[in-house]
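In: Quick one, fold the following:
(one chain, ligands or ions: 1)
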Amino acid sequence: MRNVVIIGSGCAGNTAAIYTARANLKPLVISGHEAGGQLSLTTLVENFPGFPEGINGPELVENMKKQAQNFGAEYLAGNVVDTDLSKRPFRLNIEGEWIETRTLIVASGASARWLGLENEQKLIGHGVSSCATCDGFFYRGRKIMVIGGGDSAMEEANFLSRFGSEVTLVHRREEFRASKIMLDRARNNPKVKFLTNTMVEDVFDVSQNLVTGVRLRNVKTNEAWDQEVDGFFLAIGHIPNTKVFKGQIEADAEGYIISKGGARTNIAGVFHAGDVQDRVYRQAITAAGAGCMAAIEAERFLEAEGH
Ligand code: NAP
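Out: From the prediction side, this is the model:
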């Protein structure tokens, strides 16, 4: 029987682990299918306070893990495949093995949606990014491309226009999902060029371990061409990792956990932290803060129950 199980080992999960470990609760962290979370997919992080020279994302998240382990947190590689949160202790199935816990911190994140192209996957962190706030700065004076037709794509295109020499927004249809105001803002931005009815077929150049260009195709005319690009940003949505809690933890239509205030969910003793609930800020520092909140709430919950 565990006092605290934390699902997810990104900024939120690791911070929750540091706090609950320091409270002597011996947390167990289930690392999940993207161990280290979104930070493990980035390169230099320059906006996490405390690192004036910046720090590499994977190193930052690994440091957090070590810090938690130093205080007694345990890590288990694996995925949660099933849960029973209908009564306490809560039960979690980790790839076939059931474990029990008095409290649960869900920090399972939201995974960026990718196009799924082989070379796109190989160039993540080397010109391919799903986070304009994190990586835009590296493309000062360079050619940037943003993929997507929703609010995120508009927001990212506008944000990236501060850095890039030009920003091309590529969308697969003629109509946009983005709200009118966000779309107009991007349309009125002289640095943002729109390419509609256009799909990305390939990203180059894996042999240089660097994005140098893309192959595009107009779906109406079937015309294909190559275009030079330095920074390739995906803004085609995120998928919160909440499938295993479906019907138990209250979530919105897209699967994001609905907060019941602080770090509380609809289930007493189950807390949320980070991107699994936050579709707005999605930053390493806000996730870390949310992990701290969830840990403090779990600690108080256990104390109130006499553990
Ligand atoms: P979204 O609204 O779901 O839009 C995703 C976009 O990506 C759509 O245009 C979609 O194209 C495209 N897309 C999806 N899969 C694709 C694929 N495989 N290949 C090419 N294109 C693909 O996601 P979002 O923009 O991240 O927004 C999510 C939510 O957050 C929305 O509710 C949004 O309003 C909100 N948000 C608000 C703000 C703000 O107000 N400041 C900022 C960001 C996000 P189709 O249209 O063809 O499906």
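
In: Thought V45 was touching A284, still the case?
Out: Yes: in this structure, A284 is within contact of V45 by CB atoms under 8 Å, at 6.4 Å. The way it works is simple: take the backbone N, C-alpha and C, and place the C-beta from them, glycine included.

In: Have a look at these two and say which one is more surrounded.
Out: A284 (27 against 22; other CB atoms under 10 Å).

In: Tell me which residues touch that one, please.
Out: C11, Q38, L39, V45, N47, F48, G57, L60 (CB atoms under 8 Å, 6 or more residues apart in numbering).

In: again, 6 Å this time
Out: Applying CB atoms under 6 Å, 6 or more residues apart in numbering to A284 gives the contacts C11, L39, F48.

In: so how far is V192 from the residue in the stretch 51-200 of the chain positioned nearest to the ligand?
Out: Minimum separation of the stretch 51-200 of the chain from the ligand (CB to the nearest ligand atom) falls at G150, amounting to 2.4 Å. Counting by CB to CB, to the nearest Å, the gap from G150 to V192 is 15 Å.

In: need the residues of this protein near the ligand, please.
Out: 113, 115, 147-153, 155, 172-173, 177, 235-237, 279 (CB under 6 Å from any ligand atom).

In: Can you say which of those are buried?
Out: Neighbour counting by 16 or more other CB atoms under 10 Å classes 115, 147-153, 155, 172, 235-237 among these as buried.

In: immediately after the longest strand seen in the chain, which helix or strand?
Out: The longest strand of the chain (DSSP state E) is strand 97-106. Sequence-wise, the next helix or strand downstream of strand 97-106 (DSSP states H and E) is strand 110-112.

In: List the strands paired with that next one, with their directions.
Out: strand 238-240 (antiparallel) (DSSP bridges).

In: Could you check how many residues crowd around the closest residue to V219 other than its chain neighbours?
Out: Using CB to CB, 6 or more residues apart in numbering and skipping residues adjacent in sequence, the residue nearest V219 is N197, 5.1 Å away. Applying other CB under 10 Å, we find 14 residues neighbouring N197.

In: Mind checking which of the buried ones among the residues of the chain next to the ligand land in strands?
Out: Judged by DSSP E, the subset of these located in strands is I147.

In: quick one: which of the buried ones among the residues of the chain next to the ligand is nearest G32?
Out: When these are compared for distance to G32 (CB to CB), G237 wins out at 19.5 Å.

In: got the residue ranges for the helices in the stretch 101-250 of the chain?
Out: In the stretch 101-250 of the chain, the helices defined using DSSP state H, counting those that start in this stretch lie at 118-122, 132-135, 151-160, 180-187.

In: elements contacting the third one?
Out: This points to helix 151-160. Where contact means 3 or more CB pairs under 6 Å, 6 or more residues apart in numbering; DSSP states H and E, helix 151-160 is packed against helix 132-135, strand 143-147, strand 166-170, helix 180-187.

In: again, only using 10 Å
Out: Here helix 151-160 touches helix 132-135, strand 143-147, strand 166-170, helix 180-187, strand 192-195, strand 231-234, going by 3 or more CB pairs under 10 Å, 6 or more residues apart in numbering; DSSP states H and E.

In: buried set for the fifth one?
Out: So the one you mean is strand 192-195. Taking 16+ other CB under 10 Å as the criterion, strand 192-195 shows V192, F194, L195 as buried.
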